[in-house]
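K.L.:
no sequence for this one, just the structure:
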DNA sequence: CACGACATACCGACTGGTTAGTCTGCCCGT
DNA sequence: ACGGGCAGACTAACCAGTCGGTATGTCGTG
């Protein structure tokens, strides 16, 4: 009986992170006070500053979690044994599904990145670039082997697709007509269709 | 000699709006203090609150300007005398060029919309929807006449394209290798290629 | 096994600083 | 002499982070 103080079974740091994620997504980083976060997590400021160095650290932790997850999944799909069209399609569809599954994290990611201090921002951008480059390598591989059109630079292709992923948090509603998988299939299909020679 | 107090020739309200636009884009809405805005415009708070009701009104005015401009241009291209592929391509490319030309407004638009109060937010969303629907009508027209594939719902097509427009403020750099027109041509081309039957 | 020393986990009042918006009044053109 | 245009001091509220304090557990030692 040392890890949780009240009825809730999950440990305090994770409760804080979950509360912060929800509140940052709902109200934005600047409009969420530390007081609100600790109240939502059922603790006090003492607990938060015991586990985290600052409010900003909380935000960075949200990013780190998302980036780790997406990079792992991309690597898995990209390195699979399959023709390039299949690998790109799978990777493109997967990032859509996982983004919808973590829509809170996604809106925080795209809306609040500029709230990070320059150093942390640089770090996050660096990991983001790794992701971008792995994806671009897939496009280039297909272009070299003649499966994809070379009419458009690979960089632009990647930004085109991630624009639509980025945009999901603006328009996708879980109670809408399309399931996450259907949206993912459509968006991956659009990408592959645009790449036909 | 009643309209401007110092050496700057432009009237005070426009100076305030310009300063606010730049600062909101650079630092975000919440992180920009009213004090900074008035200093950048070379006036004081008295002047700002003489012309605007609140800090939020400034933000809304930025939106209103952008929305008016883009809606006008879309209507012009959409109602032109040309085959549907041409009209859609022109409209899709134009929104890219004007977004890049007003990249500050664009980043504010997409990053700070949720800072508006519910009523103003609803109003902006309404005008946004009008734009979306006019664009969607173009896609549907092409689908009905068999020029565009019907594999993807028109709504999704529109969100796909505007995702990439939205995303521009994240990656486009004026000192990069591509001119605004080149980016616009590429993105419009990708859209049209994805729509090939 | 008893006991003190130290560590971990957390509480909550407090501080120093910032901010949006107000208000009184001056200045100047008409 | 009147009113639009604006200055700038002021206020009331808020907020991130600090700090001294408490409770509970762990570990080494005689």
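P.N.:
Yep, that arrived. Because the structure is a prediction, the values reported are computed rather than measured. Numbering: from 1, shown residues only, chains lettered A, B, ... in the order given.

K.L.:
Briefly note if the lowest-mean-pLDDT helix or strand in chain A comes near DNA strand D.
P.N.:
Lowest by mean pLDDT, DSSP states H and E among the helices and strands of chain A is helix A:103-112, with a mean of 91. No - against DNA strand D, helix A:103-112 shows no contacts by C-beta under 7 Å from any atom of the strand, the least distance being 13.0 Å. Every residue, glycine included, has its C-beta placed from N, CA and C.

K.L.:
so how far is that helix from its chain's centroid?
P.N.:
Chain-centre distance of helix A:103-112: 7 Å, with C-alpha atoms, centre = their mean, to the nearest Å.

K.L.:
Tell me which residue of chain A lies closest to DNA strand C.
P.N.:
Nearest to DNA strand C, among the residues of chain A, is residue A:46, at 1.7 Å (C-beta to the nearest atom of the strand).

K.L.:
I'd like the distance from whichever helix or strand that residue is part of to the chain centre, please.
P.N.:
In this structure, residue A:46 is located in helix A:45-51 according to DSSP states H and E. Averaging C-alpha positions (C-alpha atoms, centre = their mean) puts helix A:45-51 26 Å from its chain's average.

K.L.:
and what of stretch A:80-90?
P.N.:
21 Å.

K.L.:
for stretch A:153-167, same thing?
P.N.:
Taking mean C-alpha positions (C-alpha atoms, centre = their mean), stretch A:153-167 and its chain are 14 Å apart.

K.L.:
Excluding chain neighbours, give the residue nearest to residue A:44 in space.
P.N.:
residue A:38 (5.4 Å; C-beta to C-beta, 6 or more residues apart in numbering or on different chains).

K.L.:
which residue packs closest to residue A:45, ignoring adjacent ones?
P.N.:
Nearest one to residue A:45, counting by C-beta to C-beta, 6+ apart, is residue A:38 at 5.6 Å.

K.L.:
so which strand or helix has that neighbour?
P.N.:
helix A:34-41.

K.L.:
who in chain A is up against chain B?
P.N.:
A:28, A:30-31, A:110-111, A:114-115, A:149, A:151-153, A:156-157, A:159-160, A:162-168, A:170-171, A:178, A:183, A:186-187, A:189-191, A:193-196 (C-beta under 8 Å from any C-beta of the partner chain).

K.L.:
Secondary structure element holding residue A:132?
P.N.:
helix A:118-144.

K.L.:
after that helix, next one along is what?
P.N.:
Next along the chain from helix A:118-144, counting by DSSP H and E, comes helix A:154-171.

K.L.:
Show me the contact partners of that next one.
P.N.:
Here helix A:154-171 makes contact (C-beta atoms under 8 Å, 6 or more residues apart in numbering or on different chains) with A:92, A:95-96, A:99-100, A:103, A:106-107, A:110-111, A:132, A:135-136, A:139-140, A:143, A:152, A:183, A:187, A:190-191, A:194-195, B:110, B:159-160, B:162-168, B:170-171, B:178, B:183, B:186-187, B:190.

K.L.:
repeat for stretch A:83-102
P.N.:
Taking C-beta under 8 Å, 6+ apart as the rule, stretch A:83-102 contacts A:66, A:69-70, A:73-74, A:77-78, A:80, A:82, A:106, A:135, A:138-139, A:141-142, A:145, A:147-148, A:161, A:165, A:168-169, A:172, A:174, A:180-181, A:183-185, A:187-189, A:191-192.
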